[in-house]
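>>> What follows is a predicted protein model with its sequence.
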Amino acid sequence: MTHDPQAHKRTTSRGGTVYKIVTSEQWDEAETTGVFRGAPVDRADGYIHLSTADQVKETAAKHFAGMEDLLLVAVEADALGEALVYEPSRGDQLFPHLYADLSLAAVRSVEALPLGADGRHQFSADVNPAGRLGRPTT
């Protein structure tokens, strides 16, 4: 048995909603096959990169800057089971990584992710920091 120094930082699903940014072409393929197998970077890394509500805007800015024709896929984290693992990544934050194909049955919604006049992606009010889908409560 080998020692994994990062093992203490890994956790399984914490519930709520996690997000995946995809191209329309990638999502069209998923709808045709009934499963999302990941973008090229996901397949190369061996897992599907996801983000929490707190992380998804920075993910868009860092990895999808200026890109058009994108979709924001909201996924029910609990529906992913033990295949969803939170692991340290950017800035040592725990990011959700899915070590399986994404079943479309776990998808809550898919919406366009347009660019605004400032060149940044425009997120709906339904993406809020608590990782829940829906309007923030006061």
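Received the coordinates, thanks. Everything quoted here is computed from the prediction, not taken from an experiment.
>>> List of residues touching the host helix or strand of F95?
Using DSSP states H and E, F95 falls within strand 94-98. Strand 94-98 is contacted from outside by 9, 11, 13, 18, 47-52, 55, 77, 80, 83-89, using Cβ atoms under 8 Å, 6 or more residues apart in numbering. In short, each C-beta sits where N, CA and C put it, glycine included.
>>> which of those residues count as buried?
Burial by neighbour count, judged by 16 or more other Cβ atoms under 10 Å, picks out 13, 18, 47-52, 55, 77, 80, 83-87 from the contacts of strand 94-98.
>>> Which member of those is positioned nearest S124?
S124 has its nearest neighbour among the buried ones among the contacts of strand 94-98 in S51, at 15.1 Å by Cβ to Cβ.
>>> Could you report the pLDDT at that closest one?
Model confidence at S51, given as pLDDT, is 95.
>>> The one 5 residues further on too?
Turning to V56, the model gives it a pLDDT of 94.
>>> R135 too?
Looking at R135, its pLDDT reads 34.
>>> Please apply the same query to V35.
We have a pLDDT of 96 for V35.
>>> Which secondary structure element is home to the residue nearest to S51 when sequence neighbours are not counted?
Leaving aside its sequence neighbours, S51 sits nearest to T59 (Cβ to Cβ, 6 or more residues apart in numbering; 4.5 Å). If you go by DSSP H and E, T59 is part of helix 56-63.
>>> ok, residues contacting the next helix or strand after that helix?
Tracing the chain past helix 56-63, the next element assigned as helix or strand by DSSP H and E is strand 70-76. With contact meaning Cβ under 8 Å, 6+ apart, strand 70-76 is reached by 17-24, 27, 36, 50, 56, 60, 64, 102, 106-113, 121, 123-124, 126-127, 133.
>>> how far does strand 70-76 sit from the chain's center?
Centroid separation for strand 70-76 versus its chain: 7 Å, with Cα atoms, centre = their mean, to the nearest Å.
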